[in-house]
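>>> Sharing a model prediction with you, sequence too.
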Amino acid sequence: MRYLLLYLKGMLMGAADLVPGVSGGTIALITGIYKELLESINSFSLATLKIGKQEGLKSVWKKLNGPFLLAVFGGILSSILLFSRLLEWLIESHPLILWSFFFGLLVASIIYLFKQELPFNLRTLLYVLFGAVSSFLITQLNGGENQSSLWYLFLSGFIGISAMILPGLSGAYLLVIMGVYQTILSNVRIAQDLMVNFDQNQFLHTASILGVFLLGIGLGIKVFAKFLSWLLDRYPERSIAVLVGLMLGALHKVWPWQNADVASIKQTVAVLPQHFKGDPQLLTALLWMSLGFGILFFIERIKIGASK
């Protein structure tokens with residue numbers, strides 16, 4: 001049962017990572033697997049591989065927390081393969097529903113983490129403010145033009161995964177800023193199509209793009225997870241406060257009502273429903289916000305049940 005729940009949490013992380021403005025790290029944090037995820041990633045090292053020579057593969061698998069990682073990353077990969085088309089369609093055709101759901105989820109996450117993890121004092125508020133301002137400034141960056149050179153894709157994977165495991169900062173949004181989001185998403189779809197209609201030239205092209213990008217992800221997640229684990233071990237309350245601030249500063253990017261910025265084709269501006277250019281669908285938006293808000297407590301109930 002534990003690994004089935006971990007798999008489902010991984011699927012939620014994968015779905016969140018696909019959406020610009022939402023972070024899989026946020027899902028990991030609110031579902032209670034964030035610290036174990038970082039520790040498990042950090043267990044990958046040369047020292048661990050040496051154990052394999054002395055004690056066998058079973059010892060290495062245990063040292064790496066293999067069942068945990070297999071369940072979580074299996075869920076993430078499944079979600080990316082299953083939902084990449086669906087989420088792209090929702091972003092294009094029903095953005096208000098999608099953003100309403102994630103806005104409600106993010107607001108509930110901030111409230112929950114503040115109540116459960118942080119003392120209410122001036123120092124905490126200052127660290128939350130620091131995280132919020134940092135996140136807000138990052139999300140003000142303009143999206144770049146499409147880039148597809150291999151070295152740039154490697155760098156994008158390295159930077160993108162750093163944000164994907166950091167609550168509040170969207171790795172997908174950083175990929176949009178760096179101009180590679182559409183490239184990666186379209187190549188994931190092409191890879192799926194190649195399973196049915198194989199083409200050698202297309203396969204080599206797609207494999208080189210996704211392979212280099214995944215290499216950047218592998219290095220980035222190792223480097224950044226170690227740094228985050230160090231922060232959480234040494235400064236737990238301050239680190240959580242900054243993470244909550246990062247989530248708070250990113251709220252405006254998942255606000256359902258966005259109008260195009262006249263100063264930038266690729267930027268949008270959060271507005272009140274009455275100023276939205278189009279049908280604000282207020283009742284529909286509130287319904288999906290409530291669903292996103294309420295699902296946090298459902299996740300928390302599952303977490304408590306699984307720990308008994």
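Structure received.
>>> can you give me the offset of the longest helix belonging to the chain from its chain's centre?
Longest helix in the chain, counting residues (DSSP state H): helix 200-234. From the chain centre to the centre of helix 200-234 is a distance of 14 Å (Cα atoms, centre = their mean, to the nearest Å).
>>> Could I get the buried residue list for it?
Across helix 200-234, burial judged by 16 or more other Cβ atoms under 10 Å covers 206, 209-210, 212-213, 216-217, 220-221, 224-225, 228-229, 231-232. C-beta coordinates here come from the backbone N, C-alpha and C atoms, glycine included.
>>> What helices and strands are in contact with whatever helix or strand comes next after that helix?
Next in sequence after helix 200-234, counting helices and strands by DSSP states H and E, comes helix 236-249. Taking 3 or more Cβ pairs under 8 Å, 6 or more residues apart in numbering; DSSP states H and E as contact, the helices and strands that helix 236-249 lies on are helix 95-117, helix 122-138, helix 200-234.
>>> Looking at those helices, which is nearest to I190?
Smallest distance to I190 across the helices and strands packed on helix 236-249 (Cβ to Cβ): 5.1 Å, for helix 200-234.
>>> Could you check the angle that closest one makes with helix 236-249?
Counting by axes from the mean of the first three to the mean of the last three Cα atoms, to 10 degrees, helix 200-234 lies at 130 degrees to helix 236-249.
>>> for helix 200-234, packing partners?
Contact analysis of helix 200-234 by 3+ Cβ pairs under 8 Å, 6+ apart lists helix 34-42, helix 150-164, helix 181-194, helix 236-249 as its packing neighbours.
>>> and that helix, what's its mean pLDDT?
What helix 200-234 shows for mean pLDDT is 87.
>>> Also stretch 84-100?
Mean pLDDT, stretch 84-100: 80.
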